[in-house]
Structure formats: structure tokens, C-alpha cells
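> For reference, the sequence and a predicted model appear below.
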Amino acid sequence: MKKKNLFFGGLLMFAMAFSTVALIACGDDDKENEEVVDPLETEKEYYIVGTVTATGGALTGAQVDAGNNLTATTDAQGVYMLTVKETGEYNLKFTATDMESMESKVTIAASTANRTQTTLNVKMAKAISFENVEEVTVEADKETNVEAAQNETSAEEAATTTTVSVPAQAAEEGTTIAAVTYEEPKASTSEEVAETPKEEAVPVTAVAIKVTPEDAVAKAPIEIKTAVTGSASTGSYFDPASMEALKDAVVTRAAVHFGDVTYKDGNYVITIPEGEKIQGKYLTNILPSKTVSKIQQGGYNTVNGENGVIKIENRDYSALTATLKVITKCGWDYTTTPEAALQAVGASKGLASVIEKCITNAEGSKNGYYTVEKELKTAISGNNQLVFGSRSKTQTKTYTFPVFVNGAKKQVVVQLNCYTGYTEEYSNTPINKHSGGTTGK
């Protein structure tokens with residue numbers, strides 16, 4: 001009888017324990033996950049980034065204003081970033097100490113993916129000034145040479161020097177002439193449409209000439225001569241057939257086509273013909289061929305310190321919030337430098353400084369990569385997993401400069417690798433709570 005009672009007692013305890021486990025298990029299965037909306041899916045924002053530079057390098061503290069209280073200030077590298085909430089056209093105004101303000105438009109198409117980055121690089125310039133520039137008085141019976149002063153200075157040696165050569169009897173006695181080289185401002189987007197090669201007009205030199213009296217005309221041809229620093233008597237020079245001369249009679253307006261460029265005695269020469277007003281802005285442009293590749297997929301940007309796709313698992317019933325620190329790579333650099341391209345065809349490296357200046361003008365920034373950091377807020381529902389990655393987009397740009405090397409025509413081919421933005425890999429979906437893995441934050 002005693003054994004029988006013990007048997008029934010044990011059976012009762014087993015039943016109670018089993019029912020408790022079953023109740024606990026049922027309780028777990030019945031518990032609901034906290035569902036939240038991820039701001040990465042619902043909140044729209046787009047980024048406008050870039051650099052602001054001048055002849056001397058990056059402009060720190062430059063102001064960028066897109067209107068509607070959307071402003072940014074450049075950092076020590078000249079980098080800025082604006083975050084906008086809507087697609088459409090934005091007119092950006094750039095201001096910096098001692099520089100002429102400039103404006104440029106950026107369009108974010110309606111079809112643009114959320115969190116897309118658009119790059120606008122700006123090269124600012126000083127206003128043309130003849131203050132402290134020597135005025136040379138013409139003596140009618142003598143040749144007069146006026147060396148152009150620099151409107152903007154740089155720690156680097158000037159790539160070119162420019163002289164206005166006035167032959168005897170080419171200007172009235174007592175006419176005064178002053179000349180100054182200046183920089184053209186430039187705005188450029190990083191991503192371009194892939195297409196067949198096109199000419200990219202970039203200035204080798206730009207010179208403004210001030211004359212008293214203002215309406216003085218050339219009584220004989222006057223030459224504006226530009227010499228490339230360090231390349232005289234090397235037998236290497238840019239093909240004048242791939243260059244152009246531009247002029248505007250008013251110093252404050254944009255220039256228009258004006259004659260041809262010739263090469264003589266180590267100088268690129270444009271000519272002010274007899275009867276033409278002397279005063280105005282004159283540009284000696286080179287016209288390299290530019291080819292842009294299709295967009296290519298690059299490496300992964302850094303997300304929370306990792307270069308790749310990250311996963312954050314939330315193995316709790318409660319929702320989880322997290323911050324994604326995304327560092328994206330921007331800018332451009334040479335894959336074939338001007339020096340290497342010149343060496344490949346036996347041309348003088350003295351032309352490299354001009355090629356670098358031309359490409360910097362065309363791209364709107366100096367070569368070099370930089371990064372932009374963004375913080376993204378995310379929310380992960382209970383027992384959900386976030387997958388996120390940011391992969392860079394790149395383009396190859398090829399500039400081809402026609403040159404003569406000891407009388408033979410050659411093609412100097414310079415290539416760039418340009419970071420143009422990124423694509424995102426994103427999902428926020430339920431996970432199998434019985435699978436392996438860890439919970440991240």
C-alpha cells in the first residue's frame with residue numbers, strides 16, 4: 001500500500017512539472033514581438049557634398065547656402081555637406097573671404113533613391129584687380145613688353161608666365177597698359193554621363209588687360225605670349241590645333257571665341273589684330289579629349305567601423321534602436337599621372353604642371369580622396385535582423401592631350417579614378433528565433 005502511494009505521488013509530481021513546462025512554453029510562444037517602423041525606410045533625405053577650393057588650395061570656413069535655412073561651412077579640407085529632405089533643384093551660393101561669390105545649381109531627380117549623395121565641387125576665384133599692378137607707358141617708337149602680374153598667388157610655382165608684347169607703332173604714344181593673370185571659377189559634378197569623347201575647354205592661362213584710354217585700339221598686331229614654366233627648349237609643346245583663343249572686351253563678362261593659337265619661340269601666342277580694342281579678357285585654352293566610363297561598383301564604405309555589410313540581430317521581443325555611422329569615400333585621384341603619361345611618349349615633364357592645372361579646373365577640385373561621415377538612425381522590431389551596407393560607385397575619366405615631341409605628334413593620356421557616390425544594401429526582416437547568432441547594437 002505504501003509503495004502504491006509513493007508511485008501515485010511521483011506520478012502526480014511529474015504531471016505537475018510537465019504542465020508547468022508546457023505552460024511556460026505556451027507563454028513564450030504566445031508573447032508578441034514589439035513592432036516598430038524603421039526610419040531608414042520612411043524618412044527621406046538626400047545629401048549634397050563637395051569641396052570648395054581656390055588656387056592656394058582648400059578654402060576653410062567657406063559658406064554654402066541653399067536657401068530655406070539650409071547652410072553649411074567647409075572644414076579644414078574644404079569639404080561641406082548639406083542634408084536636404086526633398087528632391088528637386090537647389091541653387092547653392094558659395095561665399096568665402098577675399099573670393100568672388102558664385103552660384104551653381106544641383107538637381108536631385110524625383111526618381112533618386114533615398115539617401116543618395118550628389119557631389120558638387122567648386123573652385124572659387126578672386127575678383128580681377130589691378131590694384132598695385134604696374135601700368136606701363138607705351139613709347140610709340142619702341143617695343144613695349146608688359147609682364148602680367150598674378151591676381152592670385154600660390155605656394156606652388158606658377159605653371160605659366162604671360163607677356164603682352166606691343167611692337168613699335170602698335171599703340172599711341174602715352175597709352176598705358178597693365179596686365180594681370182586671373183583664375184576662372186568652376187563648378188563641377190563628380191558623376192557624368194558616359195559618352196563618346198568630347199572636347200573639354202580648360203584655360204592654360206587667362207589674362208586681363210587694362211588700357212588708358214579704354215577705347216585704345218591696336219594700330220598693328222599685338223601678341224599675348226604664354227610660356228610654360230620649365231619647358232622651354234625641350235622640344236615638347238601642346239598642339240596649337242587643339243587650342244583656342246577667347247576674348248571679351250568687358251572685363252566682367254564671359255569670353256567668346258577670338259582667333260587661333262600659334263606656337264612660336266617657346267610661347268603660345270594669341271594675337272590682337274589691327275583695329276581691335278586692346279582692353280579686355282583673353283584666354284588661351286587647351287582642348288583635351290575627355291572620355292567618361294560607365295558607373296562601376298567599388299569597394300564597401302565603412303559602417304560602424306567595418307568595411308562590408310553589417311548585421312544587427314535583435315533576439316528580444318522588445319524593439320531595438322541603433323545608430324549607423326557611415327563613412328563614404330569621395331574625391332578623385334590619378335591612376336595615370338601627368339608625369340607618367342608624358343614620360344610614356346617621351347615628352348618633357350615640364351608640361352605636367354599645365355596638365356594638372358587643366359584637369360583641376362575641369363574637375364573643380366584638386367586631386368585627392370576625402371571622406372564624409374553620416375549618422376543614420378534605425379529601429380529593429382523584436383526578433384528582427386537589420387542588414388546594411390554602403391558600396392561606393394566609381395567612374396574612370398580619361399583626358400587626352402595632343403602634343404608635339406621633337407616634331408612628332410603624340411597623345412598624352414591621363415586617367416583618373418573618381419568616387420561618384422554609393423549604393424545601399426538594406427533589409428530589416430524577421431529572423432528565425434531558433435537559429436544561431438548574436439545580438440548586436
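Received the coordinates, thanks.
> residue boundaries of the helices in the stretch 301-441 of the chain?
338-344, 352-363 (DSSP state H, counting those that start in this stretch).
> Identify each of the helices in the stretch 51-200 of the chain and give its residue range.
Applying DSSP H, counting those that start in this stretch to the stretch 51-200 of the chain gives no helices.
> where exactly do the strands run in it?
Remark: strands assigned in the stretch 51-200 of the chain by DSSP state E, counting those that start in this stretch are 57-58, 63-65, 71-73, 79-84, 88-95, 102-108, 117-123, 136-137, 144-147, 149-150, 160-166, 176-181, 186-189, 195-199.
> So which of the ones you listed is nearest residue 38?
Nearest of the strands of the stretch 51-200 of the chain to residue 38, taken as CB to CB: strand 79-84 at 18.4 Å. In this view, the C-beta of every residue, glycine as well, is placed from N, C-alpha and C.
> Residue 140: what's its closest spatial neighbour, skipping adjacent residues?
Once flanking residues are discounted, residue 140 sits nearest to residue 173: 4.0 Å by CB to CB, 6 or more residues apart in numbering.
> What about the one you found, how many residues nearby?
Counted with other CB atoms under 10 Å, residues neighbouring residue 173 total 10.
> Also residue 312?
Using other CB under 10 Å, residue 312 has 20 other residues around it.
> quick one: it and residue 322 touch, right?
Yes: at 5.8 Å, residue 312 and residue 322 qualify as touching, with contact defined as CB atoms under 8 Å.
> Format the strands of the stretch 51-200 of the chain as CSV; extra columns: distance to residue 374 and mean pLDDT.
Output for these, formatted as CSV (distance: least, CB to CB, whole Å; pLDDT from 0 to 100):
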stretch, distance to residue 374, mean pLDDT
strand 57-58, 21, 91
strand 63-65, 17, 98
strand 71-73, 13, 98
strand 79-84, 8, 97
strand 88-95, 18, 96
strand 102-108, 16, 94
strand 117-123, 9, 94
strand 136-137, 55, 95
strand 144-147, 49, 95
strand 149-150, 39, 90
strand 160-166, 41, 93
strand 176-181, 40, 96
strand 186-189, 19, 88
strand 195-199, 31, 82
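> I'd like to know which of the ones you listed is closest to residue 402.
In terms of CB to CB, the element of the strands of the stretch 51-200 of the chain nearest to residue 402 is strand 195-199, at 11.0 Å.
> Check which helices and strands the following helix or strand past the closest one sits against.
Proceeding N to C from strand 195-199, the next assigned helix or strand is strand 202-212, under DSSP states H and E. Packing partners of strand 202-212 (3 or more CB pairs under 8 Å, 6 or more residues apart in numbering; DSSP states H and E): strand 160-166, strand 176-181, strand 222-228, strand 280-286, helix 352-363.
> Any regions of the stretch 301-441 of the chain where pLDDT drops low?
433-441 (pLDDT under 70).
> Where do the strands of it begin and end?
For the stretch 301-441 of the chain, the strands defined by DSSP E, counting those that start in this stretch occupy 302-303, 306-307, 310-314, 320-336, 368-380, 384-405, 408-430.
> Nearest to residue 193 among those would be which one?
Residue 193 lies closest to strand 384-405 among the strands of the stretch 301-441 of the chain, at 10.0 Å (CB to CB).
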